[in-house]
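K.L.:
Everything below, folded, please.
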Amino acid sequence: MTGGSWLCLLAPLGGTILILLGGTRIPRIAAAWIATTSVFVAFGGAVWAFLGVHAHHNSPAAVGPVGPISGGFPAHGELTTAWTWLASGHFSVGLQLLVDPLSTVMMLIVSGVGGLIVLYSIGYMDGDEEERRYFAYISFFVFSMLLLVEGGNLLLLLVGWGLVGLSSYLLIGFWHERPSAVQAAKKAFVMNAFGDATMALAFFILIAHTSSLSFATDFNVHLSSTATNLVALGLLGGAAAKSAQIPLQTWLPDAMEGPTPVSALIHAATMVTAGVYLIARTHPIFEQARTIELIAAGTGALTLLVAGLIALVQTDIKRVIAYSTMSQIGYMFLGAGVGAYSSGMFHLMTHAFFKALLFMTAGLAIHALAGEQDIRNMRGLGKLMPFTKWCFLAGALALVGIPPFSGFFSKDSIVASAAALGTWYGWIFWVCGIAGALLTGLYTFRLWFLVFPGEPSPFVREHYHDHHGREGAWTMLVPVGILAALATVGGWLQWAPQWHPFTNWLAPAAQTLAAAEPTSTQEYFTSAATVLAGLAGIAIAWAIYSERKVAIPAAPFWRRTLEHKFYFDELYDRLFYAPGAWVASFLRREFEEPVILQTGTDLGDTTLATGSFVRRIQTGLLRTYVLFLAAGAAGIVLAFLIAK
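P.N.:
Predicted coordinates for the structure are as follows:
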């Protein structure tokens, strides 16, 4: 079991090292297959770890660190320690991995979906001059995310957290000759660094109160109310930044500047899911700070609405899908925030399937149209790319939550959990979830009706090119087909009113709060409401964008507001960038130029003059050196005489 966890973690790192050591001596295709193989080896390690946990899960009752655990699995999982990494006084941190039901779920998602995305990259990145660098980066990205989810203590989790931010910076800015890509990479890095800082501050508070960053220690110590709230708030800041939730969401749409497989990896299997995992992993802290946990739920509810509204006016195919990610992560935050951790994690899993599918089918379309991403130019593409069309439709229906596709089984449980709270804010969350389903149907099928049905547009006919008679290379089509199947049937793993093996699996690591467990009645009427809302959104999209029987309301103010993304970027420019730029200009004008630059020139001239004088007295004649020695000795004697 623990051997599988180490294999899962180190295989992608080994792939990165091999590609870096090989450099230009290995062919580009060899680098691609090294990265792909390493990630699938990691998936094999994840399966190994999963089977080991499954064997423990079904064994007779065992005793964990805090007493007997239902199902026979220790509450804090099984730790494997390589060595003690840091030690100071009573504080020590080991290089250790944690294998438990929660970590194995994330290992399978990251390495499994990640492996399909890396395989897809072989065809998508074929011919790129920097292909080796790309595959070194992407395998390192997978390693970083695996370190985050496998880390056996909060410090290792933070290390993985930071490396994920670094990897995303490298991949978003991969095409660094594009100024927009460089700007997007810097924006993502800075906004995530803010979240990293709040997490680090939360960890300092934990160290001050517990002298530990161990999951077992920190989760079983009751801190003061103030300390608990501060720790939970710091963790929430990190989660919101990494998962692009309001108010730290503006970096995610710009991250579309990277290659499409990078977008799929960030949105489906890594990075933006990390915030949801963090809340589930540290749920004992959030449960002690229930107000902060409900703020997380409110943040998710607000984000799912705001992102859904902005998606209605986007014209870039990848940005529409990006805003859908923000919205769906909002659902996951809502679920985790109300205490339905298993529902949030289940939606994380199904979302990985259909979101990777949507990005990769969009990538097939972009690839076939020589890089075109404007949906207004792509009409009728489905006639030339039927496989892409139907696979995208499967992902779209899963995203909206139409049965029997996977999103129906996972998203509805989250909304029902909000109703189960039975409070005024619980019903507000429920209404937000239903409204989000309507928006999801509308913006998703707006994209569908604009791109796939009908006769190909003149632009499509002019720019479309196939791949040797197919819609793409086999390395692109096979992963898309697998994900289409998973997006269609993956949700049948759990249907909360009738069977819930996923919830039972996660119970030892993240038990759903009793207050967030909906009744069967709540599950059924919530499912009916969300499905009807999704179908209503699809119907509106059909009337406006397919049949064109309904005109789009002019509403110039609201359209301008949505096109400017509620002016978050402009607000942050005013609050942070403009003052920072003014201070930098002031210091350059008033200090750097008159003091540093001018003084630097004078200092250099003085240094040169001094060196020239010293050079002149270095004659190389013995009598000169004897004279200086005698003069120096006489000076020392004279100084002693005066002092005496």
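
K.L.:
Show me which helix runs longest in this structure.
P.N.:
Across the chain, the longest stretch assigned as helix under DSSP state H is helix 179-210.

K.L.:
so what secondary structure elements neighbour it?
P.N.:
Contact here means 3 or more Cβ pairs under 8 Å, 6 or more residues apart in numbering; DSSP states H and E; on that basis helix 179-210 packs against helix 154-172, helix 215-219, helix 225-242, helix 251-254. Just so you know, the C-beta spots here come from the backbone N, C-alpha and C atoms, and that holds for glycine as well.

K.L.:
how about 10 Å then?
P.N.:
On a contact count with 3 or more Cβ pairs under 10 Å, 6 or more residues apart in numbering; DSSP states H and E, helix 179-210 meets strand 91-99, helix 154-172, helix 215-219, helix 225-242, helix 251-254, helix 274-281, helix 568-572.

K.L.:
for that helix, which positions count as buried?
P.N.:
181, 184-185, 187-189, 191-192, 195-196, 198-199, 202-203, 205-207, 210 (16 or more other Cβ atoms under 10 Å).

K.L.:
sorry, back to before: highest average neighbour count across the helices and strands packed on helix 179-210?
P.N.:
Among the helices and strands packed on helix 179-210, ranked by average contacts under mean count of other Cβ atoms under 10 Å, first place goes to helix 274-281 (a mean of 27).

K.L.:
List the buried residues of the helix or strand just after that helix.
P.N.:
Downstream of helix 274-281, the next assigned helix or strand under DSSP states H and E is helix 283-288. Residues 283, 285-286, 288 are the ones in helix 283-288 that count as buried (16+ other Cβ under 10 Å).

K.L.:
would you list these in TSV and tack on distance to W430?
P.N.:
Listed next are the buried residues of helix 283-288 as TSV, based on distance: Cβ to Cβ, whole Å:
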residue	distance to W430
H283	21
I285	26
F286	21
Q288	25
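
K.L.:
Which of those residues sits closest to G426?
P.N.:
F286 (16.7 Å; Cβ to Cβ).

K.L.:
The closest one and P497, how far apart?
P.N.:
27 Å (Cβ to Cβ, to the nearest Å).

K.L.:
ok, now G339?
P.N.:
The value you get for G339 to P497, if Cβ to Cβ is used, is 19 Å.

K.L.:
which residues sit in contact with A280?
P.N.:
Residues in contact with A280, defined by Cβ atoms under 10 Å, 6 or more residues apart in numbering, are 102, 105-106, 286, 332, 335-336, 341-342, 344-345, 348, 506, 509-510.

K.L.:
Check L98 too.
P.N.:
Taking Cβ under 10 Å, 6+ apart, one finds 2, 5, 76-80, 104, 149-153, 156-157, 215-216, 281, 509 in contact with L98.

K.L.:
nearest residue to it other than its sequence neighbours?
P.N.:
G152 (4.0 Å; Cβ to Cβ, 6 or more residues apart in numbering).

K.L.:
got it, and T561?
P.N.:
Y567 (7.1 Å).

K.L.:
correct me, but the one you found touches L575?
P.N.:
No. Here Y567 does not reach L575: they are 11.6 Å apart, not a contact under Cβ atoms under 10 Å.

K.L.:
Thought S417 was touching E517, still the case?
P.N.:
Yes. Between E517 and S417 there is a contact at 7.4 Å, judged by Cβ under 10 Å.

K.L.:
which neighbours do those two share?
P.N.:
With Cβ under 10 Å, 6+ apart as the test, E517 and S417 both reach 339-340, 342-343, 496.

K.L.:
And the residues you listed, which is closest to F452?
P.N.:
Taking Cβ to Cβ as the measure, F452 sits nearest to S343 out of the shared contacts of E517 and S417, at 31.5 Å.

K.L.:
quick one: that closest one is in a helix?
P.N.:
Yes. Under DSSP: H, G, I helix; E, B strand; the rest coil, S343 falls within a helix.

K.L.:
pLDDT value on it, please?
P.N.:
Looking at S343, its pLDDT is 93.

K.L.:
and what of V550?
P.N.:
76.

K.L.:
Let me know the secondary structure of it.
P.N.:
Going by three-state DSSP: V550 is coil.

K.L.:
ok, now Q249?
P.N.:
coil.

K.L.:
Give the closest residue to it in space, chain neighbours not counted.
P.N.:
The spatial neighbour of Q249 that comes closest, neighbours along the chain excluded (Cβ to Cβ, 6+ apart), is M326 at 5.8 Å.

K.L.:
Give me the distance between E563 and Y323.
P.N.:
12 Å.

K.L.:
Sorry, slip of the keys, the one I care about is A631.
P.N.:
81 Å.

K.L.:
So between those two, which is more surrounded?
P.N.:
Y323 (26 against 10; other Cβ atoms under 10 Å).

K.L.:
Check which residues of the strand or helix carrying the more buried one are buried.
P.N.:
Counting by DSSP H and E, the element that carries Y323 is helix 317-338. The neighbour-count criterion (16+ other Cβ under 10 Å) identifies 317-338 as the buried residues of helix 317-338.

K.L.:
low pLDDT regions in the protein?
P.N.:
Scanning the chain for pLDDT under 70 picks out the ranges 1, 57-76, 217-218, 600.

K.L.:
now the residue nearest to the spatial centre of it: how far from V105?
P.N.:
Centroid-nearest residue in the chain, with Cα atoms, centre = their mean: M271, separated by 1.6 Å. Per Cβ to Cβ, M271 is found 17 Å from V105.

K.L.:
returning to that earlier point: now the angle from the longest helix of the chain to helix 225-242?
P.N.:
160 degrees (axes from the mean of the first three to the mean of the last three Cα atoms, to 10 degrees).

K.L.:
between helix 179-210 and helix 274-281, how many degrees?
P.N.:
Going by the same axes, to 10 degrees, helix 179-210 makes 20 degrees with helix 274-281.

K.L.:
The lengthiest strand in the chain: how far from the chain's middle?
P.N.:
Ranked by number of residues, the top strand in the chain under DSSP state E is strand 78-88. In terms of Cα atoms, centre = their mean, to the nearest Å, the centre of strand 78-88 is found 27 Å from the chain centre.
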